[in-house]
Every structure is written in structure tokens, then in C-alpha cells.
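Visitor: Here is my input, please return the structure:
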Amino acid sequence: MHTYTMTFVTGDIMGLPSDTESNEMIIRAIVTEKLIKQEFELADFNWSGSYTFDNSLSYLNEPYQLNAVVEVCVKLDIVTMRSREAIYARCLHALKLHEVLLKRIKCLTNLPFGPKCILCFDMNAIA
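Guide: Now for the predicted structure:
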């Protein structure tokens with residue numbers, strides 16, 4: 001199995017707490033709930049070795065009209081990779097079971113339509 005970075009996007013407002021750095025559990029709950037309700041779209045998945053943060057950052061720029069990007073970095077087997085639904089379910093499972101931790105938050109502020117954020121969950125962040 002190889003590690004892949006899945007990129008989920010939404011145009012919805014995330015409703016994140018203002019002090020995002022100290023609220024990992026709240027942010028995890030918000031993301032998990034939105035995944036359960038299928039409120040994210042799986043936009044992309046890449047082998048983590050060829051993935052850069054700029055990939056996610058590009059979704060917050062024109063021509064996209066998105067407010068949030070969530071990266072989930074987990075190991076995928078070949079069977080899971082055959083289906084978008086299976087990939088989605090695998091990422092939800094990883095969040096629910098705390099297989100991944102919130103590694104990075106990047107919010108772009110001072111924008112005319114409010115902040116846009118990238119949330120990065122990574123299994124490698126678990127020590």
C-alpha cells in the first residue's frame with residue numbers, strides 16, 4: 001500500500017472556530033460531520049510523494065468558487081482506489097478512528113467574501 005493525499009472541496013462556509021490552532025477536536029468533528037453528510041466533493045487524489053501544498057492552494061483561487069479544502073493523507077490499497085465511494089469511505093473511517101491528525105491549517109483572510117481555509121489531516125503526524 002502507498003500513501004495518497006485525497007483532496008476534498010466545498011463551496012460551503014465551514015463554520016470553524018476563530019482560534020483554529022487550539023480546536024483540533026472541534027475541527028475534526030466539523031469535517032467528519034460534513035463527510036458523513038456528503039457535503040464535500042472528492043476533487044482529486046495523488047500519490048503523496050508527488051503532492052505539494054500548492055495543489056490544494058490552487059482550489060482557493062479563480063476560477064474556482066470554493067471556501068474550503070480538506071486534505072486527508074492515508075494509505076490506500078488497490079481495491080479502495082477503484083472507487084470514489086470507497087476512497088471517500090476510507091477517509092471518513094480514518095477521521096472517525098483518529099488514524100489521522102490535523103497537521104496544518106492555512107486560512108486566507110481579508111478576502112471580500114470571508115476566509116477560505118485549507119485543513120490538512122495526515123496519518124504521518126501521529127508520533
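
Visitor: C-alpha only now, for contacts and for neighbours.
Guide: Noted.

Visitor: so where do the helices sit in the protein?
Guide: Secondary structure of the chain (DSSP state H): helices located at 24-36, 53-58, 84-96.

Visitor: wait, which of those is closest to T109?
Guide: T109 lies closest, by CA to CA, to one member of the helices of the chain: helix 53-58, at 13.4 Å.

Visitor: Only the buried residues of that closest one, if you could.
Guide: Buried residues in helix 53-58, counting neighbours by 16 or more other CA atoms under 10 Å, are found at S56, L57.

Visitor: what mean pLDDT does that helix have?
Guide: When pLDDT is averaged over helix 53-58, the result is 86.

Visitor: Can you get me the start-to-end distance on stretch 30-45?
Guide: Stretch 30-45 stretches 21 Å from its first residue to its last (CA to CA, to the nearest Å).

Visitor: Where do the strands of this protein begin and end?
Guide: All strands of the chain, identified by DSSP state E, fall at 2-10, 41-47, 68-76, 101-108, 116-122.

Visitor: Just name the shakiest helix or strand of this structure by mean pLDDT.
Guide: Every helix and strand of the chain was ranked by mean pLDDT, DSSP states H and E. The lowest is helix 53-58, at a mean of 86.

Visitor: CA-only coordinates of that one in CSV, if you can.
Guide: This file holds the C-alpha atoms of helix 53-58, laid out as CSV (Å, rounded to 0.1, in the frame of the first residue of the first chain):
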residue,chain,number,x,y,z
PHE,A,53,0.6,22.1,-0.8
ASP,A,54,0.2,24.3,-3.8
ASN,A,55,-2.2,21.7,-5.3
SER,A,56,-4.7,22.5,-2.5
LEU,A,57,-4.0,26.2,-2.5
SER,A,58,-4.9,26.4,-6.2
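
Visitor: thinking again about what came up before, out of the strands of the chain, which is closest to E62?
Guide: Among the strands of the chain, strand 116-122 comes nearest to E62, with 12.6 Å by CA to CA.

Visitor: Give me the most central residue, this structure.
Guide: Closest residue to the average C-alpha location of the chain: V70 at 1.8 Å, with CA atoms, centre = their mean.
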